[in-house]
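**Q** All I have is the shape, not the residue letters:
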């Protein structure tokens, strides 16, 4: 891995809405395991859509952690999603839903310093709809395992060369 | 990468952005619903917390309009603690609020309304996005949009802290004043904003108004509803985003009510439908007559065009010129054309930019007298602002220690809820005949609710993909016959 690769690990979500804050809680844990350096930043945010552009510019690689509820996997399962898999719904009904694919395409068109590699880690949760600062018991129980799994994924990604890692198709 | 999986976004966003269409025996549309989501348990979450926490909690409900919630909440605390902000504090709040409105509106037009018009309603879905807009208007414009947005957000962060965690409004004032250096920076951005907002209208003129096909679409029947309109007005009945009285006009443009936020329960009631968590506000004195147009139906609309309809004009000169031009082109006031919400939004941008400049040049804006300390015992407070998406009410009750006992919010998207359902239904009726569903249904339906810019709260930040939309079509027996997904 060349030294010059700048990576951002970004936790998204809302810690007021139960399990929805899982991405943020995980990155807070990651800070204890992965020392921040010039080449690795760990951040959290409750922003979304176009506002994410402010956070991701200037990095070569961005790994996003967020809550997902598909119902098809057990709570705590970590989905690994490439940005191209989020595509396919081009005209969003609100600018706030401007997704990562459009965001990246836009950044390139405007010649902004957009990341070349991007990955979303979606954490399966039970209740991302209700107000509350506590996780559901199901999520609470598996939380340490989620952190462990995500560390595994990140370490695996970090050890790959640029050419092998997830490309962003525009 | 590892395992390739497909996340069904509809599952993730269950009940969010869902359209249900019911057909009659002939296969024509009997009724259509547009469901907006509601987060559960907000009131319980607030009960027992100090009221002063509300301006910090409510912006975090969702990241779409944190500043609107922060300001509505701050004004509710003024009312709760019976304290007026100092003149400078009021101006600082208005300054912040105009910057927020400008930023949000500009973004909406170029990212959301823009694609339908600038790229064209018939353009392939894949081109109807910001990139399509830039392809048509040039990259330089895109750079300007991004620059304006970035500068506005930087100013907001400087004034009020992180956009999603504002620490600005306090009962009776604000937490931080403005230095001369900050002020002059804001003035520079404001000058650019005034110029850019007018340029955006010129763009609208060149691309939309000079194209007969687009104008026909704007004034066509499918996107038209004769409803009541509500918005905040100042003492001269001019549009105001931050403060004033609520004014309601009927479908003929005649004033039928003017009231203080405090009295909103005398004027607005909420209708409940079994299929929706979100309620349907209506004008109490006119009554709920169902999802129908006209003077006898209490359905009202809020947001840009509604604000302009409910006012006698804009509060600033350049915006006033644009206001007059808009109504002249649309054939008079009030205008019932839903797609003209996009146009009205640009007119409002001009006012927001002009007021930003005016306030930045106000000699009082750097005055350090920014707080009146409350001394009264709190009981109940009600506050209102015009969020970019329309009128936003906050209403709190507390015990004598100021701990919340009841909290109610009526957000802009909910105020427009009935009208959005009507718009969706009208579009569906125009596109489904004899059980045959036109291919363009989803886009036409989207165009019907996009002008309102519905805010889907929690649905938004969950997964940074695009917002999905699904339409379920049921036959006269209530059986699901077709599901349409976009694209």
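**A** It's in. Small disclaimer: the values here were computed from a predicted structure and weren't measured.

**Q** For residue B:265, give me the pLDDT.
**A** pLDDT recorded at residue B:265 is 96.

**Q** Flag every buried residue along stretch B:260-269.
**A** Buried residues in stretch B:260-269, defined by neighbour count with 16 or more other Cβ atoms under 10 Å in any protein chain shown: B:261, B:264, B:267-269. Yep, even glycine has a C-beta here, placed from its N, CA and C like the rest.

**Q** What is the end-to-end distance of that stretch?
**A** 16 Å (Cα to Cα, to the nearest Å).

**Q** who touches it?
**A** Contacts to stretch B:260-269, defined as Cβ atoms under 8 Å, 6 or more residues apart in numbering or on different chains, come from residues B:75, B:79, B:245-246, B:248, B:257, B:259, B:281-285, B:288, B:298, B:382-384, B:393, B:395, B:410.

**Q** Now for residue B:274, how many residues are close by?
**A** Counted with other Cβ atoms under 10 Å in any protein chain shown, residues neighbouring residue B:274 total 4.

**Q** my bad, residue B:184
**A** A count of nearby residues for residue B:184, using other Cβ under 10 Å, gives 13.

**Q** got any ranges where chain A has weak pLDDT?
**A** Per-residue confidence for chain A (pLDDT under 70) gives these ranges: A:1-3, A:49, A:84-99, A:159-170.

**Q** With the stretch 51-200 of chain B instead?
**A** Low-confidence segments of the stretch 51-200 of chain B (pLDDT under 70): B:62-63, B:121-122, B:125-126.

**Q** if you go through it in chain order, where are the strands?
**A** With DSSP state E, counting those that start in this stretch as the definition, the stretch 51-200 of chain B shows strands at residue ranges B:169-170, B:173-174.

**Q** Dump those to JSON lines, plus distance to chain A and mean neighbour count.
**A** As requested, the strands of the stretch 51-200 of chain B are exported to JSON lines (distance: least, Cβ to the nearest Cβ, whole Å; neighbours: other Cβ atoms under 10 Å in any protein chain shown):
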{"stretch": "strand B:169-170", "distance to chain A": "19", "mean neighbour count": "26"}
{"stretch": "strand B:173-174", "distance to chain A": "23", "mean neighbour count": "25"}
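
**Q** Make sure residue B:471 is indeed in a helix.
**A** No: Residue B:471 is assigned strand when assessed by DSSP: H, G, I helix; E, B strand; the rest coil, not a helix.

**Q** Hmm, it is touching residue B:483, no?
**A** Yes: in this structure, residue B:471 sits in contact with residue B:483. The criterion is Cβ atoms under 8 Å, and the distance is 7.2 Å.

**Q** The two: which is more packed in?
**A** Residue environment comparison for residue B:471 versus residue B:483 gives the larger neighbour count to residue B:471, 23 against 10, counting by other Cβ under 10 Å.

**Q** Quickly list what that one is bridged to.
**A** The partner list for residue B:471 in beta bridges (DSSP bridges) reads residue B:19, residue B:484.

**Q** Same check on residue A:66?
**A** Applying DSSP bridges to residue A:66 yields these beta-bridge partners: residue A:122.

**Q** Residue A:43 versus that one, what's the distance?
**A** 13 Å (Cβ to Cβ, to the nearest Å).

**Q** my guess is residue B:453 contacts residue B:389, does it?
**A** Yes: shown here, residue B:453 and residue B:389 form a contact pair, counting by Cβ under 8 Å, at 5.2 Å.

**Q** Are there residues contacting both of those two? Which ones?
**A** Between them, residue B:453 and residue B:389 share the neighbouring residues residue B:303, with contact defined by Cβ under 8 Å, 6+ apart.

**Q** more neighbours, the two?
**A** For residue B:453 versus residue B:389, the count of surrounding residues by other Cβ under 10 Å is larger for residue B:453: 29 against 25.

**Q** wait, what's in contact with the more buried one?
**A** Contacts of residue B:453 were listed using Cβ under 8 Å, 6+ apart, and they are A:94, B:108, B:112, B:303, B:388-389.

**Q** Check chain B and tell me which residue is nearest its centre.
**A** Averaging the C-alpha coordinates of chain B gives a centre point, and the residue nearest to it by Cα atoms, centre = their mean is residue B:389 (0.5 Å).

**Q** how about the nearest residue to it, chain neighbours excluded?
**A** Spatially, and ignoring its direct neighbours in sequence, residue B:389 is nearest to residue B:412 (3.8 Å; Cβ to Cβ, 6 or more residues apart in numbering or on different chains).

**Q** what's the single longest helix in the chain?
**A** Unless you meant another one, I'm taking chain A. Secondary structure of chain A per DSSP state H: the longest helix is helix A:137-159.

**Q** should've been chain B
**A** Of all the elements of type helix in chain B, the one with the most residues (DSSP H) is helix B:180-204.

**Q** Pull the distance from that one to the chain's centre.
**A** 22 Å (Cα atoms, centre = their mean, to the nearest Å).

**Q** Flag every residue of the stretch 51-200 of chain B that's near chain A.
**A** Counting by Cβ under 8 Å from any Cβ of the partner chain, the positions of the stretch 51-200 of chain B adjacent to chain A are B:57, B:60-64, B:107-108, B:111-112, B:115, B:125-126, B:128-131, B:134, B:139, B:142-143, B:146, B:149-150, B:153, B:163-164.

**Q** Endpoints of stretch B:97-116, how far apart?
**A** Terminal residues of stretch B:97-116 lie 28 Å apart, using Cα to Cα.

**Q** now swap in stretch B:59-69 and tell me
**A** The stretch stretch B:59-69 measures 5 Å between its terminal residues, going by Cα to Cα.

**Q** Find the residue at the geometric middle of chain A.
**A** When chain A is reduced to its mean C-alpha position, the closest residue under Cα atoms, centre = their mean turns out to be residue A:64, at 1.2 Å.

**Q** Secondary structure element holding it?
**A** Residue A:64 belongs to strand A:61-68 when assigned by DSSP states H and E.

**Q** Is there any residue in the helix or strand just after that strand that contacts chain B?
**A** Using DSSP H and E, the helix or strand that directly follows strand A:61-68 along the chain is strand A:78-82. Yes: Strand A:78-82 is in contact with chain B by Cβ under 8 Å from any Cβ, via A:79-82.

**Q** which neighbours does strand A:78-82 have in its sheet, and in what orientation?
**A** Short version: by DSSP bridges, strand A:78-82 pairs with strand A:117-124 (antiparallel).

**Q** Return the set of buried residues in the strand it pairs with.
**A** Along strand A:117-124, these residues count as buried under the neighbour rule (16+ other Cβ under 10 Å): A:117-124.

**Q** likewise stretch B:334-343?
**A** For stretch B:334-343, a neighbour-count test (16+ other Cβ under 10 Å) marks B:334-343 as buried.
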